[in-house]
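**Student:** This is the structure alone, sequence omitted:
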DNA sequence: GACTGATCATGG
DNA sequence: CCATGATCAGTC
């Protein structure tokens, strides 16, 4: 497959991203000699990985921004015909133990969302994967209000975790940020804080951005 | 139709 | 197991 070198500047990254706009996923995949799956049931991260390859993101699963040297995180965002997000957006795993003294400014959520390159893509299931079109990219930085909403939700959720109430947290907690299972399946287990302060085993969780929040981000750019 | 809990693939 | 990339799919 054709290798794309890491972008050396944000401007170069944006030019590459803008070059994808209007193309179909099949066209992008062909340039990289990547095979297009029939559906995403067994390839849920395929679109995101295609964009990583097309833009020169480093492969790997480090808990960092995709373009660490540029301070940019890459996210694909599936939209319906009305231009609204079809799915929540995964941000990162949530720490469920060793959370004492953790502050918002040092959290993984804060760092990953410092600057995000959103790439919209048609996501309705009736459209074959290869025929889905890519939209214009958005380089987003949270404004003061968004930052405050994120911090408030993060602090509320982290407090519940620190109090050993992780099992009581549902996706309804949080206005813009939610905590949900993030694992291979419901049998996966990790260590979390119990109500008596000891440690217990729980299903791993991740932070996700709610669709209304990402819809607002898109609206601020596209009207 | 939206939402929440569950799930799939891959690499270290 | 953990972390990346996310979407699936049953229920509300």
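**Tutor:** Structure received. Model, not experiment: these values are computed from the prediction.

**Student:** Only C-alpha atoms from now on, for both contacts and neighbour counts.
**Tutor:** Fine.

**Student:** what helix or strand does residue A:121 sit in?
**Tutor:** strand A:116-122 (DSSP states H and E).

**Student:** For that strand, which helices and strands make contact with it?
**Tutor:** Using 3 or more Cα pairs under 8 Å, 6 or more residues apart in numbering; DSSP states H and E, the elements in contact with strand A:116-122 are strand A:73-79, strand A:138-140.

**Student:** Okay, angle between it and strand A:73-79 too, please.
**Tutor:** 30 degrees (axes from the mean of the first three to the mean of the last three Cα atoms, to 10 degrees).

**Student:** for the record, mean pLDDT for strand A:116-122?
**Tutor:** Across strand A:116-122, the average pLDDT comes to 98.

**Student:** Residues contacting that strand, please?
**Tutor:** For strand A:116-122, contacts defined as Cα atoms under 8 Å, 6 or more residues apart in numbering pick out A:17, A:72-81, A:132-141.

**Student:** Residue most distant from the centroid, chain A?
**Tutor:** No residue in chain A sits farther from the centre than residue A:196, which is 33.0 Å out by Cα atoms, centre = their mean.

**Student:** hmm, back to that, buried ones from the contacts of strand A:116-122, can you make that a ChimeraX selection?
**Tutor:** Of those, the buried ones go into a single ChimeraX selection, burial set by 16 or more other Cα atoms under 10 Å:
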select /A:17,72,73,74,75,76,77,78,79,132,133,134,135,136,137,138,140
